[in-house]
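> Sequence first, predicted coordinates after that:
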Amino acid sequence: MRHAYPLMLDVSNRLVVIVGGGSVAARKATGLLDAGATRVRVVSLTFCESMPSGIERVTARYVPDHLDGAALVFAATDDESVNAAVVRDAHQRNLLANRADADEQTPGDFTAPAIIRDGELTITVSTAGSPALAAAIRDRLKSHVQPKWVKMAQVAQIYRPDLIQRRTPPDVRRAVFRDLATEEAMNLLDTRGADALAHWLKDRHPGL
């Protein structure tokens with residue numbers, strides 16, 4: 001892909017359609033479920049053993065109607081003509097489509113990066129051309145992920161909606177999250193826990 005804008009998409013309540021039942025489709029389905037997707041429809045005449053449970057299986061040849069209601073589409077068959085049809089039909093519905101056999105001549109709209117996921121912490125790697133390289137870099141990064149980062153990501157997930165609900169001024173919120181990202185805050189959380197961190201924050205921001 002020549003251009004790519006990275007984002008984190010909430011798929012928890014969106015219907016995602018995967019066309020294909022092989023190992024590639026199974027990896028897509030597993031990744032979506034791991035990301036919190038609850039509505040995953042997989043369309044194929046056959047399904048490999050690694051296809052996860054918790055999905056809607058549609059045993060049929062692909063037809064455009066299978067995309068009805070979808071928010072996101074994956075073309076993951078081993079047939080170039082079917083993948084091309086899926087992408088074309090998705091575009092006619094103004095849907096974004098990922099194509100497993102994409103290249104410069106037959107691109108999709110987005111690629112799926114290599115992912116490290118640990119609790120609320122997600123790290124993604126994309127090389128815009130080599131999934132194998134992205135996976136190799138991801139595997140090297142795994143050993144550098146520190147538990148205190150994961151703990152702080154979980155705490156930040158709690159603080160953000162609480163500060164917004166209490167109408168904390170935006171400049172104060174930004175200052176709080178800058179403080180939470182410091183080594184001092186992460187070490188305090190890691191060694192003394194969330195209550196000690198809360199007291200530390202109140203000392204720094206008396207209005208909290």
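Done, it's in.
> Might you list the low-confidence residue ranges for the protein?
1-3 (pLDDT under 70).
> Alpha carbons only: can I get the biggest helix by length in the chain in CSV?
Secondary structure of the chain per DSSP state H: the longest helix is helix 147-165. What follows is helix 147-165, C-alpha atoms only, in CSV (Å, rounded to 0.1, in the frame of the first residue of the first chain):
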residue,chain,number,x,y,z
PRO,A,147,4.7,-5.6,33.1
LYS,A,148,4.6,-2.1,34.5
TRP,A,149,3.5,-0.7,31.1
VAL,A,150,0.6,-3.1,31.1
LYS,A,151,-0.4,-2.2,34.6
MET,A,152,-0.3,1.5,33.7
ALA,A,153,-2.4,1.0,30.6
GLN,A,154,-5.0,-0.7,32.7
VAL,A,155,-5.0,2.2,35.2
ALA,A,156,-5.2,4.8,32.4
GLN,A,157,-8.3,3.0,31.1
ILE,A,158,-10.0,3.7,34.4
TYR,A,159,-8.8,7.3,34.9
ARG,A,160,-9.8,8.6,31.5
PRO,A,161,-13.6,8.1,31.7
ASP,A,162,-13.6,9.2,35.3
LEU,A,163,-11.8,12.4,34.6
ILE,A,164,-14.1,13.2,31.7
GLN,A,165,-17.2,12.4,33.8
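> Show me which residues of it are buried.
Within helix 147-165, the residues that qualify as buried are 148-149, 151-152, 155, 159, 163, counting by 16 or more other CB atoms under 10 Å. In this view, the C-beta of every residue, glycine as well, is placed from N, C-alpha and C.
> so where do the helices sit in this protein?
Ranges of helices in the chain, per DSSP H, are 23-34, 80-92, 131-142, 147-165, 170-180, 183-192, 194-204.
> what inclination does the fifth one have with respect to helix 183-192?
Put plainly, it is helix 170-180. With axes from the mean of the first three to the mean of the last three CA atoms, to 10 degrees as the basis, helix 170-180 and helix 183-192 are set at 60 degrees to each other.
> Now do helix 170-180: distance to the chain's middle.
The chain centroid and the centroid of helix 170-180 are separated by 25 Å, computed with CA atoms, centre = their mean, to the nearest Å.
> Buried residues of that helix, list them for me.
By neighbour count with 16+ other CB under 10 Å, helix 170-180 contains the buried residues 173, 176, 180.
> ok, now the shortest one?
Taking 16+ other CB under 10 Å as the neighbour-count basis, helix 183-192 is seen to contain the buried residues 185-186, 188-190.
> If you count contacts, what does that helix end up packed against?
Applying 3 or more CB pairs under 8 Å, 6 or more residues apart in numbering; DSSP states H and E, one finds that helix 183-192 contacts helix 147-165, helix 194-204.
> Of all those, which one is nearest residue 124?
Comparing those against residue 124 with CB to CB, the closest turns out to be helix 147-165 (14.2 Å).
> chain center to the closest one: distance?
On CA atoms, centre = their mean, the centre of helix 147-165 falls 18 Å from the chain's centre.
> who does that helix touch, helix- and strand-wise?
Packed against helix 147-165, as judged by 3+ CB pairs under 8 Å, 6+ apart, are the following elements: strand 121-125, helix 170-180, helix 183-192.
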